[in-house]
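Asker: Dropping the sequence and predicted coords here.
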Amino acid sequence: MTTLPREGLLLELAATMGGFRAEQFSGELYDLFTTPTYWPALLTSRPCLLVGGRGTGKTTVLRGLSYEGQARLAGTSVEEWPLIGLYWRIDTTVVTAFRGAGLSEEAWVPIFSHYVNLTLTRLLCEFASWQSEAREVYLDASVEMARACRSLHLPPAHSFSHALELLDDELASFEAYINNVRGANTVELSMLGRPVELLVTALRATLGIGDKQFAFLVDEYENLEDYQQRVINTLIKHSGEARYTFKVGMRETGHRERRTLNVNESLSEPADYAYIDISRRLKESDFADFAEQVCNDRLGRVRSQRRSVADIKSLLPALSEADEAQRLGISARLVEAKRRLGREGAPQEVVSAFSALDPLAAYLTVFWNEGRTETLAETVADALANPREWSTRLTNYQHAMLFTIRRGMRGHRKYYAGWDTYVQLADGNIRYLLQLVNEALERHVLEERLLDEPVSVDVQTNAAQEVGRRIVQQLPGVGARGAQVTKLILGFGRIFQVMAVQPEGHTPEVTQLRVGWLGADARTVEEVEDLLAACVMHLAMLRFPGDKMAAVSGETRSFDYQLHPIFAPFFGFSYRRKRRISVDVADILQLATSDSSRTIRKILQRSNRDSDLELPEQLALFRGYYHDSPE
């Protein structure tokens, strides 16, 4: 018997599919880089705000746009690049040092502005040193370089590498000053943006790059304090005049401050920047094709399997709704229904016609009859008499019915399988997609399978549930509101799960919510708005305009919300964007901060759902959260 190369496959999957952060790949990042469809929009001189949750590819794209990335990806000379990208990741541990210490926010502005100048000029000198490495450029006669140094209170630099050393020393000294700012002597500061403008002029004159534009690639912008965002906004607003631009990566809701240092001035779209919503852009341009290329490129790096590796679509087969219904046990439910028809004394021709129906069409009559006063025989007779009406009804309820077939039974109550399903669960998030694929393939290999045979739908479903569970468990650590975000997701996850298995008499596939703000006091409104913003920022929820002006105004109260589809398999509800419920603002706060189980029951009872429905097996880990809910 031939031993499967399981260990080798697992190692290669971990190396190619298992790295979800750009930082984990180092130099390999560029080998695995796949150009997104919105890439051309980033290559213009216009400032861009690149917006998306974690895992949507912001860092990967910005790193690909950097001069190191373009050197690896394009392989051409600098002169042929559309722009020269300089990557700067906003480090929370650094920027949070610029607050407090007995200083007002107004006093911190010029201090932080000087730090920004030092950082940006260092990035420019780092590129210049890299570009001139083969031919050291001396700057003794560079008037522009001398002016740039003078504006930062530095001695003249005789080379770019020397300038880099001076800036490194100055940054170290300045950071030491910041850490002791309360008792330290004042330091000489620079005017915001002026040293950057002078150095850009010096580089163009000295390096011979002509009018090539520099682009500062600012990542994790949301980590900045509000006043610090105003500092960067000021540079963005006036960057065109200074012949450099900005490409800023941030999470949704991360652009908290749109004003500049001028109280009468603010950033506005499209006048000052292009707004690029990554998930929306990818979905509009077919995220599935982009994700397929990413996965297949990574699978192509698997070498330990002697036989060729299948493409990702072949590895992840789907189930039709009819096949899924059979796996879930629809036949047994129809046998029970026939017995019931017999007990009701239904005519034999009705029983025979019922047996001749397509299984899903037959089960629809059982589903529709739940909670109604008429007999099942009467419902079946109506279906037989009005085939067109019932055909439309089947289209509307077919997917929702799948959640009810195994109600009260153990095992999978719904399958989440197939490439298209995984794409919809990821909802434009490439990291979530890679997590799903990696988990499914690892489980597949652990079952002694190779990567040229399909992954079973059971394994795919188990993998999707595990990814959702893992993300729920990680939510408490996502930020200051992590614990509240977790409780809110657990609460609505349970609510939508119960609604999914009890859809009879209601609109099917309830997966969204709208918050009722009427009558709430200002403090509660602010608290819930901040909580929902945190949910969106950390991809626990999606939001979309509830009215046509919401996307423009940014008002939290103008949006509808949906749990991210990645949670659907874990809780057991539909990942599709369908119907919504209205929830009072006080209920949101109670779910997140106080008696969660009682609030869950209250919301479910409003729609006549059974709040005592037993927990699915996968939610047993969180039994303590639902402890007041009888199981």
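Answerer: Received the coordinates, thanks.
Asker: shaky segments in the stretch 451-600 of the chain?
Answerer: For the stretch 451-600 of the chain, residues meeting the criterion pLDDT under 70 lie at 547-557.
Asker: Break down it into its helices, ranges please.
Answerer: Along the stretch 451-600 of the chain, counting by DSSP state H, counting those that start in this stretch, helices occupy 457-474, 482-501, 522-537, 550-553, 568-571, 585-593, 596-606.
Asker: helices and strands around the third one, which ones?
Answerer: Going back to what we said before, that points to helix 522-537. helix 482-501, strand 541-545, strand 559-563, helix 585-593 (3 or more Cβ pairs under 8 Å, 6 or more residues apart in numbering; DSSP states H and E). C-betas here are computed from N, CA, C, even on glycine.
Asker: by how many degrees do that helix and strand 541-545 diverge?
Answerer: Here helix 522-537 runs at an angle of 110 degrees relative to strand 541-545 (axes from the mean of the first three to the mean of the last three Cα atoms, to 10 degrees).
Asker: And for the last one?
Answerer: An angle of 40 degrees separates the directions of helix 596-606 and strand 541-545 when computed by the same axes, to 10 degrees.
Asker: angle of helix 596-606 against helix 482-501?
Answerer: Using the same axes, to 10 degrees: helix 596-606 against helix 482-501 is 30 degrees.
Asker: and residue 577, how many neighbours?
Answerer: Neighbours of residue 577 under the rule other Cβ atoms under 10 Å: 16.
Asker: I'd like the distance between it and residue 415.
Answerer: 20 Å (Cβ to Cβ, to the nearest Å).
Asker: same check, this time on residue 477
Answerer: 31 Å.
Asker: Neighbour count: these two, which is higher?
Answerer: Comparing residue 477 with residue 415 by other Cβ under 10 Å, the one with more neighbours is residue 415, at 21 against 10.
Asker: per the record, what domains does this structure have?
Answerer: 47-272, 336-402, 478-622 (automatic domain parsing).
Asker: Tell me which of the ones you listed approaches residue 436 most closely.
Answerer: domain 478-622 (8.0 Å; Cβ to Cβ).
Asker: Please enumerate the helices of the stretch 251-400 of the chain.
Answerer: Using DSSP H, counting those that start in this stretch, helices in the stretch 251-400 of the chain cover 278-284, 287-299, 312-315, 321-328, 330-343, 348-356, 359-369, 376-385, 387-402.
Asker: So which of the helices of the stretch 451-600 of the chain is nearest residue 153?
Answerer: helix 522-537 (38.1 Å).
Asker: Now the closest one: buried residues?
Answerer: By 16 or more other Cβ atoms under 10 Å, the buried positions in helix 522-537 come out as 525, 527-529, 531-537.
Asker: got it, and stretch 142-159?
Answerer: Residues of stretch 142-159 classed as buried: 142, 144-149, 151-152, 154, 156-159 (neighbour count, 16+ other Cβ under 10 Å).
Asker: That stretch: end-to-end distance?
Answerer: End-to-end distance for stretch 142-159: 10 Å, by Cα to Cα, to the nearest Å.
Asker: from the chain's centre, how far out does it sit?
Answerer: 43 Å (Cα atoms, centre = their mean, to the nearest Å).
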